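Asker: need a structure here:
(chains A and B)
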Amino acid sequence: MSAISRDEVAHLARLARLAVTEDELDRFAGQLDGILQSVARIGEVAADDIPPTSHSVPLTNVLRADEPEPSLGRDAVLAAAPDSAEDRFRVPRILDEEE
Amino acid sequence: MSTSTLPSYDDVVSRYEPVIGLETHVELGTRTKMFCGCRTEFGADPNTQVCPVCLGLPGSLPVANAAAIEATIRIGLALNCDIAEWCRFARKNYFYPDMPKNFQTSQYDEPLCGEGYLDIEVPGADGPIPFRIPIERVHLEEDTGKSLHVGGSTGRIHGATESLVDYNRAGIPLVEIVTKPVAGTGALAPEVARAYVAELRDVIRSLGVSDVRMEQGSLRCDVNLSLNKPGAEWGTRSETKNVNSLRSVERAVRSEMLRQASILDDGGRIVQETRHFHEDSGDTTSGRSKETATDYRYFPEPDLTPIAPDPAWVAELKAAMPELPRVHRKRLQADWKLSDHDMASVINAGAIPLIERTIAAGASSESARKWWLGELSRRANETGTELAELPITPAQVAELQSLVDGGKVTDKIARTVIEGVLAGEGGPAEVVAARGLEVVSDTGALTAAIDDAIAANPAVAEKIRGGNHAAAGVLIGAVMKATRGQADAKAVRELVIARLS
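Answerer: The predicted model follows:
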């Protein structure tokens, strides 16, 4: 049984703004399926007494004091922008809001 | 947009029950951003307070701001919330140019503060009516950048040809406070919504964790509203975004109630959607539809450690909470010797801090209250602004009152002085000097005006001589006219009677 359908891959590609061709959909669905099935095997050995883990290191409360540090500087910031105007990042007009 | 006439408000509330829900975003007043050391100064030049972390550049790693965590827990404590013993940040994934990382670091199913409540009051005919607003959660996230839409009509998405983005605001700690749905407020729903936001603002201000200025966007409110027939299930809700003044919160609830009732009356159905509130017209228009569930693919943020507030530390924070506004108000009401009704007027006008500061600047509580609730409230209403936004300071109001007390201007002329101060002509003393408003206390000038009035009205003068002091009004009027209203009517009356007895 496959863990991920072609439609789900298409949905994820759209959410990730990736242009994926019909051929690629089939190929990626197969590949992702293999990855998911491998990962799913962890579930076979994880007993009920093992909680799901999101962080590999058991740390909590790593915080910083509210002390200012130098920012990057506007010129350096805008140098990384594809385009800029009026000291701001220039982007294509925002079409409809999120679907 | 429908052009059919809307039903009346009374009619709507007699047939439908509103359910309101409020999501409020508060920008914290920390010196630095949530996950990096960039400064958070309002009004800095565009893109001067940004770094690899808040720009989401590859390889950068966030570290949470301890002061923001503490501020959020204190807000939670003030709202009687349970504080989480362990919680995580989460990535909320979406693409939008104002979020350069392509995800917002937020909290998902593990907010820092869980359920709580906020007690509020709205004025009623028989005294204040209490409501307990249940809080669903308080969580911590980061603000987005600011977009400037150019090419279309000023600053609006609609018709824009491109957007210019300033990321100074991106990454500023943002606390989101979400209420549970509030039913049972009936016709008072708009006032309850407003009172809740006002109370929340006052609570947060009292904690000193944010300047909570709605007009600067450091407090922003989304209003959810649905209508249902009595006894029926709750209806579909709309979400009106970015309602940015207390008055607008009240208006947005009201206008949504009317709009939804009109649709339901016609047998239509309410679409679950985001709506935009328009300050000018006071109504809302459709934004994005939420028919298709948004898929944010939340997952725990791997680059930030979980937060586990030490219960002993939380207890310390709780013990050190300042006097909350409700308690503070009770104390002021006793100090100022006000009835529930008068106190409600003060609260409703948002005048407490203004009156307090006016008193601190030397005015009596009576006079401070009189100016802020009388003349100044009237001016604020006329221009559709909040009292606190009027261009007159509490110190200037106290100065004006001292001019009245010192006999420099009459109570009536003081209103003209206010007009001058609001018009930007300077402080009260400057306006009095520049406009020549000082009371005519020059006895010579007054006596001459009185003699003229007596000469012009011999019959009236005779009556007064005969002991009919009520007739003095005619002469006082004539003198006031001659002095352009700048004489003290009481003094004139005494002088007239003295001269004719």
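Asker: quick one, what contacts B:His357?
Answerer: Not quite, residue B:357 is Arg, not His. Shown in contact with B:Arg357 (Cβ atoms under 8 Å, 6 or more residues apart in numbering or on different chains): B:393-395. Where you see a C-beta, it was placed from the backbone N, CA and C, and this is true even at glycine.
Asker: for chain A, longest helix please?
Answerer: helix A:22-40 (DSSP state H).
Asker: say whether chain B is contacted by that helix.
Answerer: No. Using Cβ under 8 Å from any Cβ of the partner chain, helix A:22-40 stays clear of chain B, coming no nearer than 13.9 Å.
Asker: rewinding a little: tabulate the contacts of B:Arg357 in JSON lines, adding columns for pLDDT and distance to B:Val209.
Answerer: JSON lines is the format used below for the contacts of B:Arg357 (pLDDT from 0 to 100; distance: Cβ to Cβ, whole Å):
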{"residue": "B:Thr393", "pLDDT": "95", "distance to B:Val209": "25"}
{"residue": "B:Pro394", "pLDDT": "96", "distance to B:Val209": "23"}
{"residue": "B:Ala395", "pLDDT": "95", "distance to B:Val209": "26"}
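Asker: in chain A, which spans are helices?
Answerer: Secondary structure of chain A by DSSP H: the helices cover A:6-15, A:22-40, A:42-45, A:74-79.
Asker: which of those has the lowest average pLDDT?
Answerer: Ranked by mean pLDDT, the helices of chain A end with helix A:42-45 in last place, scoring a mean of 83.
Asker: show me the contacts of B:Arg357 that map onto strands.
Answerer: Per DSSP state E, strands hold no members of these.
Asker: quick one: which of those residues has the most company?
Answerer: Highest neighbour count within the contacts of B:Arg357: B:Pro394, with 21 neighbours (other Cβ atoms under 10 Å in any protein chain shown).
Asker: not counting residues beside it along the chain, what's closest to that one?
Answerer: Computed as Cβ to Cβ, 6 or more residues apart in numbering or on different chains, the closest residue to B:Pro394 that is not its neighbour in sequence is B:Arg357, at 3.6 Å.
Asker: tell me the confidence at the residue of chain A positioned farthest from its centre?
Answerer: Each residue of chain A has a distance to the centre, and by Cα atoms, centre = their mean the biggest one is for A:Glu86: 30.6 Å. As predicted, A:Glu86 sits at a pLDDT of 93.
Asker: repeat that for B:Ala445.
Answerer: B:Ala445 is given a pLDDT of 77.
Asker: how about B:Thr383?
Answerer: The model reports B:Thr383 with a pLDDT of 89.
Asker: quick one: secondary structure of the residue of the stretch 351-500 of chain B found nearest chain A?
Answerer: Per Cβ to the nearest Cβ, B:Pro353 is where the stretch 351-500 of chain B lies closest to chain A, at 25.9 Å. Three-state call for B:Pro353 (DSSP: H, G, I helix; E, B strand; the rest coil): helix.
Asker: OK, contacts around it?
Answerer: B:Pro353 makes contact with B:Ala388, according to Cβ under 8 Å, 6+ apart.
Asker: any weak-confidence spans in chain B?
Answerer: By pLDDT under 70, the low-scoring segments of chain B are B:1-4, B:152-160, B:288-293, B:441-443.
Asker: and whatever residue of it ends up closest to chain A, what does it touch?
Answerer: Closest contact between chain B and chain A, by Cβ to the nearest Cβ, is at B:Gly37 (2.9 Å). Contact partners of B:Gly37, counting by Cβ under 8 Å, 6+ apart, are A:64, A:67-70, B:51.
Asker: which among the residues you listed end up buried?
Answerer: Buried residues within the contacts of B:Gly37, defined by neighbour count using 16 or more other Cβ atoms under 10 Å in any protein chain shown: A:64, A:68, B:51.
Asker: can you flag which of those belong to strands?
Answerer: Among those, DSSP E puts A:Arg64 in strands.
Asker: contact residues of chain A facing chain B?
Answerer: Contact residues (Cβ under 8 Å from any Cβ) of chain A with chain B: A:11, A:15, A:17, A:54-55, A:59-74, A:77-78, A:80, A:85-94, A:96-99.
Asker: mind running it again at 6 Å?
Answerer: When proximity is defined by Cβ under 6 Å from any Cβ of the partner chain, chain A lies next to chain B at A:15, A:17, A:54, A:59-64, A:66, A:68-69, A:71-72, A:74, A:77, A:85-91, A:93-94, A:97.
Asker: which among those end up buried?
Answerer: When those are checked for burial by 16+ other Cβ under 10 Å, the buried set is A:15, A:63-64, A:66, A:68, A:71-72, A:74, A:77, A:88-91, A:94.
Asker: does B:Glu70 count as helix, strand or coil?
Answerer: Going by three-state DSSP, the secondary structure assigned to B:Glu70 is helix.
Asker: how deep is the closest residue to it other than its chain neighbours tucked in, by neighbour count?
Answerer: Leaving out its chain neighbours, the residue that sits closest to B:Glu70 by Cβ to Cβ, 6+ apart is B:Leu317, at 7.0 Å. A total of 15 residues lie near B:Leu317 under the criterion other Cβ under 10 Å.
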